[in-house]
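**Q** predicted coordinates and the sequence they were generated for:
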Amino acid sequence: MRKSLVLILGLLVALPGGARAADGNMGARPPAGAAPFTLERHATLDLPWAIAPLPGGDLLVSGKTGRMWRIGAAGGRELKNVPKVQYSGQNGLLDVALSPDFDRTGRIYFTYVSPDDALVLARARLGIDALEAVETLWHQSPGGRGQPGGIIAFGPDGLLYLSVGDRMQPDTAQDPDNPRGKILRLTPEGRPAPGNPFADSPFARGTTRAETWTTGHRNPYGLAFAPDGRLWSHEMGPRGGDELNLIEPGRNYGWPVVSNGDNYSGIPIPDHATRPEFAAPALWWDPVIAPAGLVFVPPGGDFPGWAGSMLIGALAGQGLVRVAGDGSDQIERWDLEMRVRDVAVDGAGAIWIVEDSDAGGLYRLVPR
């Protein structure tokens, strides 16, 4: 059985130079001992979902139930005029990100699942105590059930990258005319970006094909650009097989045709190795960690030794994972006894996480 690889992982010796174990499975590695940091609680919030650091040190935090807060050293306040969301299961208010020209425009971008079950990309101006000039930029059609994705990342090209989950309808991830299970590349106004890999298709004008950057994803809850400009994503697998992927234009990442996990029913899914035409993950986790949130640590800051590496929150793994910046290995994993929903780094180099709970903490990592 393929999963027997997990059983022998403990027999593999550490490889030099940061090389990973031969099969790339990080799930069987136990958490490290005491973390090199303590957690400093700054706020208690209702199901916080994503963190967007603001210039000057404040934090913008979204809450899955349809709330958004601005948190500062003097306390926090809830923002008004947040659109109504469908809050159930995995759905609700999702990611929030600053526009690259935030200093000039005060614009933010955010995603949510609307009452009609659609993933929505929206834009607004951040006012003192409310969102202003809220506008919908992209509206998923058709919608779906859970597994919305909804992560926003701005690239060095100034364009917007948006992850869309398969909405619990796996086969649609391989349908080129359905946005489910895709990573899209859009202009800041939410339109198909020029130069997308399928834009020249005779069927692409005004369709999903014109927006698509990559296909074959399940539920991407992490999307971030490395210092070298490459785009990385992680996604929750089925029963086993969470993935970390290097995202390259036009590639198909295989879901649901291949996976390093199995269906929840126990029915096996062929491994990536059986279908080399699909892009295989750089790393994967079985047992799963349920990754959520992804950030690259910049130089300096509170943890200079972490510069260039990735930090990934873990829901099922209840902690934080540090991965080499080239995706070659899991360096450390810490058990924090909480479901970590997001991780972010502010302008001063401080690292922040939020806890997935109805009394979820906003924490700063403080070096020991």
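**A** Structure received.

**Q** alpha carbons only for contacts and neighbour counts from here, please
**A** Fine.

**Q** doesn't residue 32 belong to a helix?
**A** No. Residue 32 sits outside any helix when classified using DSSP: H, G, I helix; E, B strand; the rest coil, being coil.

**Q** so how far is residue 357 from residue 272?
**A** 34 Å (CA to CA, to the nearest Å).

**Q** what about those two, which has more around it?
**A** Legend: neighbour count by other CA atoms under 10 Å for residue 272 and residue 357, higher for residue 272 (20 against 17).

**Q** OK, contacts around the more buried one?
**A** 254, 258, 259, 260, 278, 279, 280 (CA atoms under 8 Å, 6 or more residues apart in numbering).

**Q** quickly find the element holding the fifth one.
**A** Counting by DSSP states H and E, no helix or strand carries residue 278.

**Q** next up, phi/psi of it, please.
**A** Torsion angles at residue 278 (phi, psi; degrees, to the nearest 10) stand at phi -90, psi 140.

**Q** ditto for the second one
**A** The phi/psi pair for residue 258 (degrees, to the nearest 10) reads phi -130, psi 150.

**Q** can you pull the pLDDT of it?
**A** Listed pLDDT for residue 258 reads 97.

**Q** who are the contact partners of the nearest residue to residue 117 once chain neighbours are set aside?
**A** Setting aside the residues directly before and after it, residue 117 is nearest to residue 143 in space (CA to CA, 6 or more residues apart in numbering), at 5.1 Å. Residues near residue 143 by CA under 8 Å, 6+ apart: 116, 117, 118, 119, 167.

**Q** let's have the residues you listed in JSON lines, adding pLDDT and distance to residue 223.
**A** Shown next, in JSON lines, are the contacts of residue 143 (pLDDT from 0 to 100; distance: CA to CA, whole Å):
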{"residue": "116", "pLDDT": "95", "distance to residue 223": "25"}
{"residue": "117", "pLDDT": "96", "distance to residue 223": "22"}
{"residue": "118", "pLDDT": "97", "distance to residue 223": "20"}
{"residue": "119", "pLDDT": "98", "distance to residue 223": "17"}
{"residue": "167", "pLDDT": "97", "distance to residue 223": "18"}
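
**Q** are any of these buried, and if so which?
**A** 117, 118, 119, 167 (16 or more other CA atoms under 10 Å).

**Q** does the residue positioned nearest the centre of the chain lie in a helix or a strand, and which?
**A** For the chain, the residue nearest the mean C-alpha position is residue 222 (1.5 Å; CA atoms, centre = their mean). According to DSSP H and E, residue 222 maps onto strand 220-225.

**Q** that strand pairs with which strands, and in what direction?
**A** With DSSP bridges as the test, strand 220-225 is paired with strand 231-235 (antiparallel).

**Q** residues in contact with the partner strand?
**A** 217-226, 242-248, 290-292, 294.

**Q** for stretch 195-204, same thing?
**A** Here stretch 195-204 has contacts from 185, 205, 209, 210, 211, 212, 213, 249, 250, using CA under 8 Å, 6+ apart.

**Q** rewinding a little: among the contacts of strand 231-235, name the buried ones.
**A** By 16+ other CA under 10 Å, these give 217-226, 242-247, 290-292, 294 as buried.

**Q** tally of neighbours for residue 255?
**A** Residue 255: 24 neighbours (other CA under 10 Å).

**Q** list the contacts of it.
**A** 170, 173, 174, 216, 217, 218.

**Q** do the same with residue 366
**A** For residue 366, counting by CA under 8 Å, 6+ apart, the contacting residues are 37, 38, 39, 40, 302.

**Q** so it sits in a helix?
**A** No. Residue 366 sits outside any helix when classified using three-state DSSP, being strand.

**Q** report pLDDT for it.
**A** Value listed for residue 366 in the pLDDT field: 98.

**Q** just residue 15 next, same as before
**A** The model's pLDDT for residue 15 equals 33.

**Q** and residue 150, by the same measure?
**A** At residue 150, pLDDT is 98.

**Q** ok, it - how many residues close by?
**A** Residue 150 has 28 neighbouring residues, counting by other CA under 10 Å.

**Q** double-check that it belongs to a strand.
**A** Yes. Under three-state DSSP, residue 150 falls within a strand.

**Q** for the contacts of residue 143, give me TSV that also has distance to residue 135 and secondary structure.
**A** Listed next are those as TSV, based on distance: CA to CA, whole Å; DSSP: H, G, I helix; E, B strand; the rest coil:
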residue	distance to residue 135	secondary structure
116	17	coil
117	18	coil
118	15	coil
119	14	strand
167	23	coil
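
**Q** can you pick out the most distant pair from these?
**A** 116 and 167 (13.3 Å; CA to CA).

**Q** from residue 314, how far out is the residue nearest to the centre of the chain?
**A** In terms of CA to CA, residue 222 sits 11 Å off from residue 314.

**Q** shared neighbours, those two?
**A** Joint contacts of residue 222 and residue 314 (CA under 8 Å, 6+ apart) are 291, 292.

**Q** show me the shaky parts of the chain.
**A** 1-22, 205 (pLDDT under 70).
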